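Asks: Generate coordinates for the sequence data below:
(chains A and B)
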Amino acid sequence: MKETILQTKALCKSYTTDGEQNHVLKNINLEIYKSDFTVIMGSSGSGKSTLLYNLSGMDTPTSGEVYCGTRRIDNLKENQLAKLRRTEIGFVFQQMHLVSNLSIFENITMPGYLMNKFPAREIERKALALMESMGIKELKYRLPSQVSGGQQQRAAVARAMINEPVLLFADEPTGALNSKMGREILKLLTDLNRNGQSILMVTHDIKAAVRADRIIYLHDGQLTGEIQLEKYMPDTENDRERQVLAWLTSKGW
Amino acid sequence: MTVAILKFIMANLKKRKSYSIVISILIFLTILILSVTASTTQKSSQAYDKAFNNMDGPHLVYWMGKDDYKPEYKNWFEEKPEVQSVKLCNSESYNGAEFKDKGITLKDGVDCILFEYKPSDNMRLIDAIHPVEKQLSKRQIYMPYIYETNYGVKTGDKVDYVFGTNKITFEVAGFIEDPLFGADMNYTKRFFLSSEDFAGFSKMNNFSKGLLLSIRLKNFSKTSIYSLEKDFNKQFTSFSGSALSYMQLKNDHLILPDIALVVIVAFALILCVITITILRYAILATIEADYLNIGILKALGFTPGMVQAAIIGQYVVLTLSSGILGVIAGIFITPVIGKLILNSSGLYFSGSLSIIIGLLAISVLLLVIILFSYMTTRRIKKISPVRAIANGTAPVYFSSRLNIKLENISFLPFNIRMALKQMVTKSKRYILLMIIAALLSYALVFMLGLVNTFHSEKAVFMVGGQIRDVEIDTDRMADAERIVDKIKKDYKVDWVMYEVDKQLTIDDQKTTVFISNDFSISGELSTLEGRHPLHENEIAISMLLKQKFNKGIGQYLEVRDSEGNPHQYLITGTFQTTDNDGENARMLNSGMKALDPGFELNEAYVKLKSHDKLDSVINEMRDRYTGYQEISNDRTEANDKISTVTSVFSTISTLVFVLTVILIGFITLLIMKITVYNEVKEFGIFKAVGFSSSKIRLQLAIRLVLVSIAGGIIGAVLVLLTGSQLLSEGLHSIGIFNFKIDFNLVFIIIPIIVIVLITMLSAYLTSANAKKVTAYRLINE
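Replies: Below is the predicted model:
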């Protein structure tokens, strides 16, 4: 039996524009499991990004409930949400979003210092280990503007991992990269998942999606299906791609 | 295109309401202060001239005892073609007489000179009982206006004129604006009585009979006045009275208001610099924030000049609208400030802000703003439409060279580390606040230093005086010595100095000379260069006399004796003083005896070891030696003079203090708005990694606090290094060449704390916008 680390109950999100209600998420019931690499897919405007904000505590649902483990998080106050983000959640953005005047090393250590759980030296040692594992150790004192997009995204992943989050969210992490760099990031995420890191990723890219253990499909704000896959092995990539594409096509992708 | 530019201007003003409001307030304050102070300066001078011309004021006044007067004096002036009129007025005075209101002496130590009131004198009457008839009845009196403004006397009050053991009660029938002796700092005051009362005093033998010879010129100038005075002194070398020129009289009345106005104008100029600096900052922030829009406009066919015109246009609109409001507000404020500033002058302030000055202030500021805006917006030329549209944001604006590694300062709390890092790497942005904090701290520490200096009696030393307790004025030196011996016997005495001031003709100029037995006895009189005279043929002169005679140490001055014969005196030293408009000399008793063998040092000044018993010394000596000598409290007079100056500086300090608080508050608000606007993406990132809004706001406040501490300290250090020198330079005209401001540590720390606290509070409160920033926005991009 898999352990649930994130769960939603009847999650709804709607916006009012010019007096007209726009229901973006409709009655979403979803469970994310520990150590899984879960991918959310859907066509443009399906609400997948909105779902990601609501699951990660960056936005609050209009109705319904969100649980992180056993703790309900949709009704947390701003300070409690901030604490949640620095202790239990890691986030990787499509545009990296590193702080431009902090070095790569400082960008990675910043959430560690902020959490204030470990001594500064311990955080710095951990950051160096993460940088080494991601192949960016030599970029320690470089500024984000002085490294490539792929290296920036690796640093962003390292920053998200510094506080050992329960769940790593990734929003189109390869969307701003060329295919080579994209592949490198996907490999990095796959490796992290192999080491037990739970990941929830939103993507358009089938090549990214095939890395998942589980793909959830969202259409017009509703969950319309999901597919469970075997653990990713590089040599099965083409078969998985065909399998996923067929499934997505059946869902109207 | 013009329509497009105008639309862009209006849209930007609307979009950046908070910038626009803060800049408008700064421009409003700058124009308000500049135009009010310039108008007040102009009107103060006009107020004096109006009072002066109203009574056909004299450009030269000679004052002498009735016995010293010779009809030739009047005749000599009347024959001069440049002289318009010559008037002679009688006065009566009693040594030590004073006016009391309900038993309390009004203005201690003042020489109360009585005159007969003649409506034909045309002096301005204020709050008079008989404003139309301009007449005085028996036992009615007109007092100088200063008694109403500074001493609380009202029309209709009963005041007692106390002379010797006698007392006569007068009803105050109104106040006169006296352009001769009306200033609070002047210790001779004219009181006007009815013809009947004046005749009564004239019959009393124990009253000193004086004469005021007033000469009015047809076309006067500084040179013509000096030339006439010089000719008179050459002609009548034995004349022993005092002389005062129009320039000296005007200076006596306007010196304090002028100093106050110079300080306020200096603050207004600081405000101008702050406004321009803020403006530059706001323009740079606008370009950064509008990077994409500017790219789009250029892509649409706008030239860089058009975009520049649109940005400059925003500030022209703001300058014109706020400037006009500043002038309108100034119309109402000028009379209030004018009255406040002229409080010590005894002059009546009338009129309001000069529209021409207001418009001139707006025009000058507008020109400066256009120039600076143009220079700052030149960088628009470098913005490439392709790059702007592709990137959407301006290139990085931080310095990668100026840096602090977070891990190197891990001993500090994380929020302070982050604040330091942001502050150092974005130092360009924060240097502005630092300069402003430094300027304001400079202004505040300077003003508080002045208040502190004048709060202490030691300020007397700065203006070339001494702290003395008892003044003994007798007819003969033997009498003075007798009283001094008695005081020495009964009380502990610190020192005794015999000193008399006399008008002598030096290099053909009537000059006040202080004659003493020993100038070093108190240890409080110092020289700036050289030394005081030690031999009979030596003289020390004030710095202004040195400039006037164009002679220095080692050179000789020609001093005439009572027969008009010249004697040579060697200049041994120079000193600073504000007495006699900064122009006087010091000579030994032996030196004076060479000019007048019968001369006696008949005045003595006593400094007690403890002045607690001062009142009992005065009362006891007055009782014992009643009748023929004046024994008075000299310390009160000195303190009174100091308190007049202190109150002026305290008022200005309060004004500067309030303006500083407002300015720091508004500027911090502006910087916060711009920072939040520019760093919105970073705040999103911070929030995404777990920063709470309060932590971000705290970090922002810490940044500005660190900057304001640095600015505050820089300002304080600069004022310590340059304040005294700067003030001394500004005080040369009144005779002060080396003024040491007494900076007290508390008065240095208080301004810094105030600046830091206001910055912190304002930064924290105005950074509330950071609350609205969400990490959500990052995903949206």
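Asks: Mind checking the pLDDT average for stretch B:477-497?
Replies: The average pLDDT within stretch B:477-497 is 90.
Asks: actually stretch B:710-725, not the one I typed
Replies: 94.
Asks: now swap in stretch A:145-157 and tell me
Replies: 92.
Asks: Work out the gap between that stretch and the centre of the chain.
Replies: Taking Cα atoms, centre = their mean, to the nearest Å, one finds the center of stretch A:145-157 at 17 Å from the center of the full chain.
Asks: can you list the residues that contact that stretch?
Replies: A:92-93, A:96-98, A:100, A:104, A:107-108, A:131, A:134-136, A:139, A:144, A:168, A:173-174, A:176-178, A:180-181, A:184-185, A:188-189, A:192, B:396 (Cβ atoms under 8 Å, 6 or more residues apart in numbering or on different chains). Backbone N, C-alpha and C define where each C-beta goes, glycine included.
Asks: So the closest residue to B:Thr237 other than its chain neighbours: helix, strand or coil?
Replies: Using Cβ to Cβ, 6 or more residues apart in numbering or on different chains and skipping the chain neighbours, the partner closest in space to B:Thr237 is B:Gly564 (2.9 Å). Of the three states, B:Gly564 takes coil according to DSSP: H, G, I helix; E, B strand; the rest coil.
Asks: these two touch, right, B:Gly564 and B:Ser240?
Replies: No - with contact defined as Cβ atoms under 8 Å, B:Gly564 does not reach B:Ser240; the gap is 11.9 Å.
Asks: how about B:Asp127, what does it touch?
Replies: Counting by Cβ under 8 Å, 6+ apart, the residues that B:Asp127 touches are B:148, B:154-155, B:174-175.
Asks: Please determine how far it is located from B:Phe657.
Replies: Computed as Cβ to Cβ, to the nearest Å, the B:Asp127 to B:Phe657 distance reads 33 Å.
Asks: For the contacts of B:Asp127, give me TSV that also has distance to chain A.
Replies: As requested, these are exported to TSV (distance: Cβ to the nearest Cβ, whole Å):
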residue	distance to chain A
B:Glu148	62
B:Lys154	63
B:Thr155	67
B:Gly174	70
B:Phe175	66
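Asks: so where does B:Glu471 fall, helix or strand?
Replies: Taking DSSP states H and E as the criterion, B:Glu471 maps to strand B:470-473.
Asks: mind checking how far the helix or strand following that strand is from the chain centre?
Replies: Counting by DSSP H and E, the next helix or strand C-terminal to strand B:470-473 is helix B:477-490. With Cα atoms, centre = their mean as the basis, helix B:477-490 stands 41 Å off its chain's centre.
Asks: likewise stretch B:643-651?
Replies: 9 Å.
Asks: Name the residues of it that are buried.
Replies: Within stretch B:643-651, the residues scored as buried using 16 or more other Cβ atoms under 10 Å in any protein chain shown are B:644-651.
Asks: What of stretch B:156-167?
Replies: Buried, per 16+ other Cβ under 10 Å, within stretch B:156-167: B:159-163.
Asks: That stretch - what's its average pLDDT?
Replies: Stretch B:156-167 comes out at a mean pLDDT of 90.
Asks: what residues does that stretch touch?
Replies: By Cβ under 8 Å, 6+ apart, stretch B:156-167 touches B:94, B:96-101, B:103, B:106, B:112, B:129, B:141, B:143, B:153, B:168-172, B:191, B:206-207, B:626-627.
Asks: before we move on, the earlier item: ChimeraX command for the buried members of the contacts of B:Asp127?
Replies: Restricted to buried positions by 16+ other Cβ under 10 Å, the ChimeraX selection for the contacts of B:Asp127 reads:
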select /B:148,155,174,175
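Asks: and which of the contacts of B:Asp127 is nearest B:Gly326?
Replies: B:Glu148 (31.9 Å; Cβ to Cβ).
Asks: mind checking the SS state of the closest residue to that closest one other than its chain neighbours?
Replies: Nearest residue to B:Glu148 in three dimensions, chain neighbours excluded: B:Phe175, at 4.8 Å (Cβ to Cβ, 6+ apart). Classification of B:Phe175 by three-state DSSP places it in strand.
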